[in-house]
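> Everything below, folded, please.
(2 chains)
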Amino acid sequence: MIDTKEIEHLAELARIEVGKEETVALAKDIEAILGYVTLVQKVAGGTGVLEEHKEHMLVNVMREDSAPHESGAYSDALLSAAPEREGNYIKVKKIL
Amino acid sequence: MIDLKNLTIKKAHGHLTKGDFSALELAEAYLKNIEAKNKELNAYLEVFNDVREQAKEADKRIKAGKAEVLTGIPLAIKDNILIQGRRVGAASKILDGYVAPYDATAIKKLKDKGAVFLGRTNCDEFAMGGSTENSAYGVTKNPHDTSRVTGGSSGGSAAAVAADLALAALGSDTGGSVRQPASFCGVVGFKSTYGAVSRNGLIAMGSSLDCVGPIAKTTEDAEIIFDCICGKDALDSTSIELSTINLQRSIKELKIGVPRNFIETEGIDAEVLKDFNESLLRLKKAGAKIVDVDLPSLQYALACYYIIMPAEASTNLARFDGVKYGPRISGTNGINDYFKTRALFGPEVRRRILLGTYVLSAGYYDAYYGKALAARSRIRMDFENVFNKVGIIAVPTSPTPAWKIGEKTDPLSMYLADIFTVTANIAGIPAISVPSGKTKAGLPLGLQLMAPVGGDEKLFNVCKSIF
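Numbers count the residues shown, from 1 in each chain, chains lettered A, B, ... in the order given. From the prediction side, this is the model:
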């Protein structure tokens, strides 16, 4: 059972401000969606990728831990997208 | 006057190289149509102001005798695919004002061929939805009946192609977002084998499911675009070089499997089922052998999808915090900035983030996410087994034709409309939707064909011979 308290907790975890009215609507919607997706619990066997199928599933691909490009080549383009910037830093409010 | 209605990429290429019209004239013809129709349809969120310059560049290349098939071809691009120096926003307020700092790999490949980008098209916010009603910038209307939705999430791209506001388009498909709007708008939509097209520069939703794909008027056109954008890319570690398997050039002797138990459920529209059976008949007449197949785990596909996708989306969308891109809404302190900024996400995106947060939380992880991964293995195994017996699987693209704008109010009923499309994303297999007929009221319907991993070209070949 999903109540508004649980929605508030999830919103806190997800860092999203949610209004009072919306928590009621979200509780109802998420309850209904979870009611449907609970169907997967009927799948036989354990949880996670099944042992007998592991070799077919996607695997992580790593690259060499080396510099992929010249240092700073993209810094300006990426920093320009930030809402606030100071020199080569992204600016945020004081944390400590 | 250029006859846009009957124009295809291949025909346009012929005209451009023969000099019947220039790339500039072609672009002008589309701009004129956009001017006349986009206000009502809302297919484009932005029409680029340098379309004529792009077309002139293409004309230079054509004059120099260096034209390739996509040179000068006017395309529409979904608003979640990055083009360097241009606005892109996933139809969300949280990316308001964001300018792409680099080209998506698919875009770079199209640019190399001299394609012309007309503008960015509307979609459901962060590609979350099946009707384009979740866009923060208004719904896109179906060109076949403007009281109805285009489908989604790539609704703007599908409407643009259907209404001759672009010759072809790019969309993205996480659970049917290319195929379903293509079927609702009477055009072709293709989702490749997972990884065949690089995801670099596609704004992520569900990374193990997302595929960039073409929407076009014919299968041949969709194939031309796919051939251009596919390939392994160092910037997407999940991308692959497709090794074409088991290519069957003729439809004769092709075995097509139909999962009857899965299709004939209560939610399916009678006209959709009738049209689907007629399509099977056409395939049979062309020499294909139609057999019943059983994929028992398909009953879990939609539930599996609506756990894995929100789980991945909630993780992917954590990066939108008002620090690195888009606007920042200032709160009382640093952390409060996050809460205020992330409130810019629309209702459906918030819903999926919370849902994803729930299924990944300690205590629920095994029961939901863990079980969904197990279901995904079972579904993949079912497909592998069936593809040992048949070359292709056929299902309708959508259980219903396009619905009325505003008709589906609760999220679960909207999710259920994805029943036939999510399976290909879960299994990572290629699937195509081709126009198969119309309802009595004149609404387009689509037939969906699926092939095993690597069977992309096989799908093109079968569709080209029949539809």
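
> C-alpha from now on. contacts and neighbour counts both.
Fine.

> tell me the contacts of the most centrally placed residue in chain A?
For chain A, residue A:14 is the residue whose C-alpha lies nearest the centre (Cα atoms, centre = their mean; 8.0 Å). For residue A:14, the contact set (Cα atoms under 8 Å, 6 or more residues apart in numbering or on different chains) comprises B:314, B:318, B:353-354, B:357.

> quick check: longest helix of the chain.
The chain I'm using is chain A. helix A:20-37 (DSSP state H).

> ah, no, chain B please
helix B:23-41.

> Backbone dihedrals for residue B:379, please?
phi -60, psi -40 (degrees, to the nearest 10).

> List the buried residues for the longest helix of chain A?
A:23-24, A:26-30, A:32-34, A:37 (16 or more other Cα atoms under 10 Å in any protein chain shown).

> go on, stretch A:66-84?
A:77, A:79-84.

> Next, see if it gets close to chain B.
Yes. Remark: stretch A:66-84 sits within contact range of chain B at A:77-79, A:81-84, by Cα under 8 Å from any Cα of the partner chain.

> got the residues of the stretch 351-467 of chain B near chain A?
So the stretch 351-467 of chain B meets chain A at B:351, B:353-355, B:357-358, B:366-378, B:381, B:410-412 (Cα under 8 Å from any Cα).

> at 6 Å instead, please
B:354, B:370-371, B:373-374, B:377 (Cα under 6 Å from any Cα of the partner chain).

> picking up where we left off before, residue B:184: which of the buried residues of stretch A:66-84 is nearest?
residue A:81 (36.1 Å; Cα to Cα).

> can you tell me the helix or strand for the spatially closest residue to that closest one that is not a sequence neighbour?
Nearest residue to residue A:81, sequence neighbours excluded (Cα to Cα, 6 or more residues apart in numbering or on different chains): residue B:325, at 5.1 Å. Per DSSP states H and E, residue B:325 falls between elements, in no helix or strand.

> Residue A:82 is in contact with residue B:325, correct?
Yes. Using Cα atoms under 6 Å as the test, residue B:325 is close enough to residue A:82 to be in contact (4.6 Å).

> just the buried residues of helix A:20-37 that are near chain B?
residue A:37.

> Dump the buried residues of helix A:20-37 into a markdown table; add pLDDT as well.
Converted to a markdown table, the buried residues of helix A:20-37 look like this (pLDDT from 0 to 100):
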| residue | pLDDT |
| --- | --- |
| A:23 | 97 |
| A:24 | 96 |
| A:26 | 97 |
| A:27 | 97 |
| A:28 | 96 |
| A:29 | 96 |
| A:30 | 96 |
| A:32 | 96 |
| A:33 | 96 |
| A:34 | 96 |
| A:37 | 96 |
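
> about what we covered before: now the residues of the stretch 351-467 of chain B next to chain A as a markdown table including neighbour count, secondary structure and pLDDT?
Converted to a markdown table, those look like this (neighbours: other Cα atoms under 10 Å in any protein chain shown; DSSP: H, G, I helix; E, B strand; the rest coil; pLDDT from 0 to 100):
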| residue | neighbour count | secondary structure | pLDDT |
| --- | --- | --- | --- |
| B:354 | 28 | helix | 98 |
| B:370 | 22 | helix | 95 |
| B:371 | 28 | helix | 96 |
| B:373 | 23 | helix | 94 |
| B:374 | 24 | helix | 94 |
| B:377 | 24 | helix | 93 |
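
> Which PyMOL command selects the buried ones in the contacts of residue A:14?
Selection of buried members from those for PyMOL, criterion 16+ other Cα under 10 Å:
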select buried, chain B and resi 314+353+354+357
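
> just to revisit the earlier point, which of the residues of stretch A:66-84 next to chain B sits closest to residue B:98?
Distances from residue B:98 to the residues of stretch A:66-84 next to chain B, taken by Cα to Cα, are shortest for residue A:81, at 6.5 Å.

> Where does the closest one fall, secondary structure wise?
Residue-wise, residue A:81 maps onto no helix or strand under DSSP H and E.
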